[in-house]
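J.: The sequence and its predicted three-dimensional model are supplied below.
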Amino acid sequence: MRHTNVLMALGAGALAAVLAGTAAVAGTDGTAAPDPTSTTCAAGCPGAGPGAVDDDEGRPYGMGYGMGSGRGGVGRGAGMGTRSAVGTCADLPASGTLTSQQRTTLAAMAEEEKLAHDVYVALATATGDARFTRIAAAETQHLTMLRTLLQHYGVADPTVGKADGVFATASTQKLYDALVAQGKGSLARALGVGRTIEQQDIADLTGAVQGLAAPDVTRVYTMLVAASRHHLAAFGS
């Protein structure tokens with residue numbers, strides 16, 4: 001996430017403009033239209049593990065390797081499997097190359113997913129709204145996907161061993177503190193924070209995918225964009 005941009009928005013009052021549009025949806029259930037797109041996992045293409053597929057509110061469909069029907073099962077088999085667009089075949093051998101900057105970005109994306117998860121956990125407690133709990137669970141699976149890529153490319157994981165609300169990067173820590181403080185004010189403000197996070201995630205991931213020569217990373221980033229769009233709809237975009 002572009003921390004400076006979001007913090008400037010908080011300080012300059014731009015977030016208030018975003019939050020002003022949340023009142024009408026503050027009491028809704030956040031249901032979004034199902035994603036009509038899908039991806040097909042080729043034979044031998046394992047998935048990221050439990051709950052790698054999530055729906056518009058962050059509920060995991062289950063675990064699987066993208067084989068057969070794609071509904072579950074931990075075994076591998078022959079044939080093809082169709083998954084939701086936010087599913088993944090992330091658990092692939094490293095299938096490309098990353099520049100030094102792209103490696104740095106990959107680590108930052110992992111910390112960004114942790115930020116989203118941790119903020120949503122805090123706001124679930126503050127508001128009691130189940131959307132934050134469900135979407136936080138999805139963010140956990142997204143972080144698992146990114147950690148797989150970090151391992152494959154030999155990039156240090158900045159999220160390892162960090163408790164909820166604790167970050168390796170000072171700017172991320174500052175952003176977390178600011179977002180949680182803002183969101184605890186009311187459900188409307190919490191939903192606005194959720195939208196802010198997802199909008200910035202989409203922008204960051206869309207930028208990060210440009211110029212990649214790593215198909216596995218491209219696949220995961222693209223699927224995370226789709227997931228963020230579902231989450232954005234659940235927050236009342």
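T.: Alright, I've got the coordinates.

J.: how many other residues sit next to Ala116?
T.: Using other CB atoms under 10 Å, Ala116 is surrounded by 27 other residues. C-beta coordinates here come from the backbone N, C-alpha and C atoms, glycine included.

J.: What of Gly165?
T.: 15.

J.: The spatially closest residue to it that is not a sequence neighbour: what's it in contact with?
T.: Beyond its immediate neighbours in the sequence, the residue positioned closest to Gly165 (CB to CB, 6 or more residues apart in numbering) is Asp118, lying 5.2 Å away. By CB atoms under 8 Å, 6 or more residues apart in numbering, the residues touching Asp118 are Asp164, Gly165, Tyr176.

J.: could you dump the residues you listed to TSV with distance to Leu212, secondary structure and pLDDT?
T.: As requested, the contacts of Asp118 are exported to TSV (distance: CB to CB, whole Å; DSSP: H, G, I helix; E, B strand; the rest coil; pLDDT from 0 to 100):
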residue	distance to Leu212	secondary structure	pLDDT
Asp164	30	coil	97
Gly165	31	coil	97
Tyr176	27	helix	98
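
J.: now the residues you listed in a markdown table, with distance to Val209?
T.: Formatted as a markdown table, the contacts of Asp118 follow (distance: CB to CB, whole Å):
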| residue | distance to Val209 |
| --- | --- |
| Asp164 | 28 |
| Gly165 | 29 |
| Tyr176 | 25 |
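
J.: ok, those vs Gln210, which is closest?
T.: Tyr176 (26.8 Å; CB to CB).

J.: The nearest residue to the closest one once chain neighbours are set aside and Met109: what is the separation?
T.: Once flanking residues are discounted, Tyr176 sits nearest to Leu115: 5.7 Å by CB to CB, 6+ apart. Distance, Leu115 to Met109, by CB to CB, to the nearest Å: 10 Å.

J.: how many neighbours does His117 have?
T.: 21.

J.: Tell me if I am right that it is in a strand.
T.: No: secondary structure assignment (DSSP: H, G, I helix; E, B strand; the rest coil) places His117 in helix, not in a strand.

J.: Contacts only, for it.
T.: Contacts for His117 (CB under 8 Å, 6+ apart) come out as Ala136, Glu139, Thr140, Leu143, Asp164.

J.: what's the distance between the nearest residue to the first one once chain neighbours are set aside and Pro215?
T.: Looking back up the chat, that one is Ala136. Once flanking residues are discounted, Ala136 sits nearest to Tyr120: 3.9 Å by CB to CB, 6+ apart. According to CB to CB, Tyr120 and Pro215 sit 30 Å apart.
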